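Undergrad: below are the sequence and a predicted model for it; my questions follow.
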Amino acid sequence: MASVVVRPAARVHGRLTIPGDKSISHRYALLAALADGPSTISHYAPGADCATTLACLAALGVVIDGPREARTGDHDSCAGTVTIQGRGIGGLVAPTSVLDAGNSGTTLRLLSGVLAGHPFNSVITGDRSLRRRPMQRIIEPLCRMGADLSAVDNRPPITIRGAALRGIDFTPQVASAQVKTAILLAGLLASGETTVRERHATRDHTELAFPVFGVVLTRRDGAVTVRGGQRLAGANLTVPGDVSSAAFWATAAAALPRSDLTLDDVGLNPTRIGYLALLKRVGARVELIASTETGGEPRGSLRVSHGGNTRLDLGPDDVPGVIDELPVLAALATHGGELRVTGAAELRNKESDRITALAAGLRGLGGRVEEMADGFHVVGDRRLQGGTADAAGDHRLAMAFAIAALGGTRPSEILNAEAVDVSYPGFFDVLASISQH
């Protein structure tokens, strides 16, 4: 699927069940591997990224029962129920070859934290996109804990020489849930206490998952502390629907007049739903139909319908809570709104340089976009004519361009659209099912 043509739509309408959450699936799998005894994870996320985490764990001696795709890293479909036989704290075995994280920065960063505390050497690499992403943010704290990590120009592949770790008190310079989690996972294998302090709150799936596996931690005034040496117990878990994937459908409903979508069993973690408040600010109607909680994670059904589209201004304090949703919010702005984002230089270090690639793609569809060093400005003062946008190997850009293209005057072509398989196989089939022309 080198490219996909997206036709303009008058509205989107229907009811959808969202695939399992990618961020939570990664964390459950890694913690299950460190636990004593088996864990069963239901509604495990589909896509290449989460299959890659399981494939890396299998290469480290973890026995995984589930779909073949989940065990081998084949990205076509690894959704469903996965059972992981935990090896206990410090129980992973040395891999016989280089570990391949594919396109998954989450896999590479979080697994580095785990491997830093194991007494063997390992190497983690990734695809071309991942090999250009900076890794100093995890290399520095893990080395301070006693491991030896090295990488040419601080980019993958990363060589990890595991060691006996000691706890640290660390404040990341840039808000990052992945960096926080890598340090906390290493802290489980370290002596003493490990504390991570955040200037801006990031997603807290790790902090919620720890107690489910029996880990005691403390949270106070933006700091998270875990004591090393605790044993983890296997657990039975169900992953909620991915709230970041839901954002594309919610935004489509907000963008197109007369649209009305219901999204069932979506994760409603407060650290992940900042975009819903933004949709309300521009005029959309957002209704929480039902909610519950499992494994510390709130979840429920959302109903989103169109109500308007006005200007949004987002600055450095707003960005950490909606970093993954910025591309689709830019797509929303092309439907007659306006979005100005600053303080988002982190977007240049994602699966692509998301600022440059986002601006180029939206311009290719006929949009008016200004690129800035740390953000962008989209003005939706004219309807998109349609055209061609290159997703640049970035799953979130491929989906964002599709949502923008719904408002075009003619069909649009999205190049490298197969990037959606990283997180949402079947995305374009779902889009076709809810689009009404």
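TA: It's in. Numbers count the residues shown, from 1 in each chain.
Undergrad: any regions of the protein where pLDDT drops low?
TA: 1, 67-79 (pLDDT under 70).
Undergrad: walk me through the domains of it.
TA: 3-19+240-436, 22-238 (automatic domain parsing).
Undergrad: so how far is stretch 306-320 off the chain centroid?
TA: 20 Å (C-alpha atoms, centre = their mean, to the nearest Å).
Undergrad: same check, this time on stretch 345-353
TA: Using C-alpha atoms, centre = their mean, the offset of stretch 345-353 from its chain centre is 13 Å.
Undergrad: for stretch 17-27, same thing?
TA: The answer for stretch 17-27 is 9 Å, by C-alpha atoms, centre = their mean.
Undergrad: quote the end-to-end distance of it.
TA: 22 Å (C-alpha to C-alpha, to the nearest Å).
Undergrad: other residues contacting that stretch?
TA: 41, 43-47, 49-50, 53, 79, 104, 106-107, 110, 177, 181, 203, 205-206, 209, 239-246, 249, 263-267, 297, 423-424 (C-beta atoms under 8 Å, 6 or more residues apart in numbering). C-beta here means a position set from N, CA and C on the backbone, and glycine is covered the same way.
Undergrad: try 7 Å this time
TA: Stretch 17-27 is contacted by residues 43-47, 49-50, 53, 79, 106-107, 110, 181, 203, 205-206, 209, 239-243, 245-246, 263-267, 297, 423-424 when judged by C-beta atoms under 7 Å, 6 or more residues apart in numbering.
Undergrad: and the nearest residue to A177 once chain neighbours are set aside, how many neighbours?
TA: In this structure, A177 finds its nearest non-sequential neighbour in T202, 3.9 Å apart by C-beta to C-beta, 6 or more residues apart in numbering. Residues lying near T202 (other C-beta atoms under 10 Å) number 22.
Undergrad: so T202 touches Q178, yeah?
TA: No. T202 is beyond contact range of Q178, at 8.6 Å (criterion: C-beta atoms under 7 Å).
Undergrad: contacts only, for R131.
TA: So R131 contacts 125, 155-156 (C-beta under 7 Å, 6+ apart).
Undergrad: filter these to the buried ones?
TA: Buried subset of the contacts of R131 (neighbour count, 16 or more other C-beta atoms under 10 Å): 125, 156.
Undergrad: which of the contacts of R131 lies closest to G367?
TA: Using C-beta to C-beta, R155 comes nearest to G367 of those, at 31.5 Å.
Undergrad: does the closest one touch R132 like I think?
TA: Yes. With contacts counted by C-beta under 7 Å, R155 reaches R132, the gap being 6.2 Å.
Undergrad: which one is S291 nearest to, not counting chain neighbours?
TA: That would be G300: by C-beta to C-beta, 6+ apart, it lies 3.4 Å from S291.
Undergrad: and V430, how many neighbours?
TA: There are 18 residues near V430, going by other C-beta under 10 Å.
Undergrad: from G20, how far out is it?
TA: Between V430 and G20 the distance, using C-beta to C-beta, to the nearest Å, works out to 15 Å.
Undergrad: what of G308?
TA: 32 Å.
Undergrad: repeat that for G37.
TA: Taking C-beta to C-beta, one finds G37 at 22 Å from G20.
Undergrad: in the sheet, who's paired with G241?
TA: Assessed by DSSP bridges, G241 has beta-bridge partners G20, V266.
Undergrad: wait, isn't it in contact with D265?
TA: Yes. With contact defined as C-beta under 7 Å, G241 counts as touching D265 (4.8 Å).
Undergrad: those two: who's more crowded?
TA: Under the criterion of other C-beta under 10 Å, the comparison of G241 against D265 puts G241 first, with 24 against 20.
Undergrad: re earlier: and G308 and G20? Which one has more around it.
TA: Legend: neighbour count by other C-beta under 10 Å for G308 and G20, higher for G20 (26 against 13).
Undergrad: got the contact list for S301?
TA: Residues counted as contacts of S301 (C-beta under 7 Å, 6+ apart) are 262-266, 289-290.
Undergrad: most surrounded residue in those?
TA: V266 (29 neighbours).
Undergrad: which ones are touching it?
TA: Residues near V266 by C-beta under 7 Å, 6+ apart: 18, 240-241, 243, 246, 299-302.
Undergrad: among these, name the ones in helices.
TA: 243, 246 (DSSP state H).
Undergrad: can you pick out the most distant pair from the contacts of S301?
TA: Across the contacts of S301 (C-beta to C-beta), the longest gap, 11.7 Å, separates L263 and A290.
Undergrad: how many residues are close by the closest residue to L279 other than its chain neighbours?
TA: In space, and not counting its chain neighbours, L279 is closest to A254: 4.8 Å by C-beta to C-beta, 6+ apart. Close neighbours of A254, defined as other C-beta under 10 Å, add up to 32.
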